[in-house]
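Asks: kindly return the folded structure for what I paste below:
(2 chains)
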Number of protein chains: 2
Amino acid sequence: MSDVKATNVTWHEGHVTREERQALLKQKGVTLWFTGLSGSGKSTAAFTLEHALVQMGRLAYVLDGDNVRHGLNKNLGFSAADREENIRRIGEVAKLFADAGVITMTSFISPYRKDRDLVRELHAKDGLGFVEVYVNTPIETCEQRDPKGLYKKARAGQLKGFTGIDDPYEEPLKPELTLDATSTSPQQMAEALIGYLRSGGYLQS
Amino acid sequence: MSDVKATNVTWHEGHVTREERQALLKQKGVTLWFTGLSGSGKSTAAFTLEHALVQMGRLAYVLDGDNVRHGLNKNLGFSAADREENIRRIGEVAKLFADAGVITMTSFISPYRKDRDLVRELHAKDGLGFVEVYVNTPIETCEQRDPKGLYKKARAGQLKGFTGIDDPYEEPLKPELTLDATSTSPQQMAEALIGYLRSGGYLQS
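Replies: Next up is the predicted model:
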């Protein structure tokens, strides 16, 4: 086993500190919480940013319906309690990722202010950055795009409790950033977010 | 905003691939699932490895009772169903971390074979590495150490359903690695694990 020795390593017990992770990754873990209507452009913005950051040598990861709803939260439905628990769990997982040093993006409608504020508090209590990104695209645009055909189904009454149609979307009162995917390209949104991360000290040069 | 431009970036949509993450981090995400009795030395081994990897410039993270039981899983108790759900959620989160490229360690007694096998399957289905690390320290040693005073309480009947006393620990049948913290120091355990990661192609030189 001599060839596998981790030489020059000082041995420690207990958690690696955030400062040590920051020095390793040249970045500070943070959660960018994208919120907005279905079809508003949250995922496009998040994935565009993820690609840009990785190309810049930064570690980023997107939590979205694909990797969370079918995994961690597959035992949750769409009742009020389950929707709340859905967001709570995503918030807790985002917090773990941010603690690990990752620039973490979440892409969920997350229509209720109370749920988003709970996630904000979770991060604040633990000294972790939380950036609420409101993708404020008019519902007319979202409905026109309708990439998954969901608005059509909701208008036809085949989907109940659809945000913006027969369930409310509670706008963020003080989001850190507001973007409108009608007037702003994904690239522009990503650049605005990178600028925000830089000025907030999340990316070291 | 000209000073915040992410120049030289090609813009993409959709998820960053695992290969791109691997190239960035010089490592492949994987889950090292530590299992064993309370006091067996799981956490010590995991944290010693975490420190060693970070010093070697690798990104590692430990999921344990401290950051999971009081957060994501704080709404779970100790019923059979809740214990199962506890391990399932930890498995799903570990999978997300491994997908993000992180060398992820989980430190939970996880006494039931069925639950551990479920997590193994979750990873396999998604093409992610899963390494079951059995910290096989004799119960006599664990009870002598009793770092949290839990064996004492269990013996006094103040703790019900305590693994190894009045609840079973189901030994792994085919763990990838077995360690005994009586005869092996944390450093030696960490070196064995680093050797395993190297030979498995999880760490690139």
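
Asks: and A:Thr184, how far from A:Lys174?
Replies: A:Thr184 sits at a distance of 20 Å from A:Lys174 (criterion: C-beta to C-beta, to the nearest Å). For glycine as for every other residue, the C-beta is placed from the backbone atoms N, C-alpha and C.

Asks: in chain A, which spans are strands?
Replies: A:30-35, A:60-64, A:103-107, A:129-135, A:177-179 (DSSP state E).

Asks: what lines up beside the first one in the sheet?
Replies: Taking DSSP bridges as the criterion, strand A:30-35 pairs within the sheet with strand A:103-107 (parallel), strand A:129-135 (parallel).

Asks: for the record, mean pLDDT for that strand?
Replies: When pLDDT is averaged over strand A:30-35, the result is 98.

Asks: and it, what's buried?
Replies: A:Val30, A:Thr31, A:Leu32, A:Trp33, A:Phe34, A:Thr35 (16 or more other C-beta atoms under 10 Å in any protein chain shown).

Asks: can I get those residues in CSV with distance to A:Asn67?
Replies: Formatted as CSV, the buried residues of strand A:30-35 follow (distance: C-beta to C-beta, whole Å):
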residue, distance to A:Asn67
A:Val30, 19
A:Thr31, 15
A:Leu32, 16
A:Trp33, 16
A:Phe34, 15
A:Thr35, 18
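
Asks: and the closest residue to A:Gln22 other than its chain neighbours, how many residues sit next to it?
Replies: With sequence-adjacent residues excluded and distances taken as C-beta to C-beta, 6 or more residues apart in numbering or on different chains, A:Gln22 is closest to A:Lys28, at 5.4 Å. Other residues within reach of A:Lys28, judged by other C-beta atoms under 10 Å in any protein chain shown, total 20.

Asks: tell me how far A:Lys28 lies from A:Arg145.
Replies: In terms of C-beta to C-beta, A:Lys28 sits 34 Å off from A:Arg145.

Asks: any weak-confidence spans in chain A?
Replies: A:1-13 (pLDDT under 70).

Asks: so where's the longest helix in chain A?
Replies: When chain A is parsed with DSSP state H, its longest helix is helix A:80-99.

Asks: mind listing what A:Leu25 touches?
Replies: Taking C-beta atoms under 8 Å, 6 or more residues apart in numbering or on different chains, we find A:Leu25 in contact with A:Arg58, A:Leu59, A:Gly101, B:Leu59.

Asks: quick one: contacts for the third one?
Replies: With contact set as C-beta under 8 Å, 6+ apart, A:Gly101 has these partners: A:Arg18, A:Arg21, A:Gln22, A:Leu24, A:Leu25, A:Gln27, A:Lys28, A:Gly29, A:Leu59, B:Leu59.

Asks: again, 10 Å this time
Replies: A:Gly101 makes contacts with A:16, A:18, A:20-30, A:59, B:54, B:59, B:61, B:102, as judged by C-beta atoms under 10 Å, 6 or more residues apart in numbering or on different chains.

Asks: can you give me the neighbour number for A:Glu140?
Replies: So A:Glu140, with other C-beta under 10 Å, has 9 neighbours.

Asks: quick one: residues contacting the most centrally placed residue in chain A.
Replies: Ranked by distance to the mean C-alpha position of chain A (C-alpha atoms, centre = their mean), the top residue is A:Thr106 at 1.8 Å. Neighbouring residues of A:Thr106 by C-beta under 10 Å, 6+ apart: A:31-35, A:42, A:46, A:61-64, A:68, A:87, A:90-91, A:93-94, A:97, A:119, A:133.

Asks: for it, which non-adjacent residue is spatially closest?
Replies: Closest residue to A:Thr106 apart from its sequence neighbours, by C-beta to C-beta, 6+ apart: A:Leu63 at 4.7 Å.

Asks: was I right about that neighbour contacting A:Ala46?
Replies: Yes: under the criterion of C-beta atoms under 10 Å, A:Leu63 makes contact with A:Ala46 at 9.0 Å.

Asks: mutual contacts of these two, please.
Replies: In contact with both A:Leu63 and A:Ala46: A:Thr104, A:Met105, A:Thr106, A:Ser107, using C-beta under 10 Å, 6+ apart.

Asks: of the residues you listed, which is the nearest to chain B?
Replies: A:Thr104 (8.8 Å; C-beta to the nearest C-beta).

Asks: ok, the residue lying closest to that closest one once chain neighbours are set aside - contacts?
Replies: Excluding the flanking residues, the one nearest A:Thr104 by C-beta to C-beta, 6+ apart is A:Phe97, at 4.0 Å. Going by C-beta under 10 Å, 6+ apart, A:Phe97 touches A:29-31, A:59-61, A:63, A:103-106, A:128, B:61, B:93, B:96-97, B:100, B:102.
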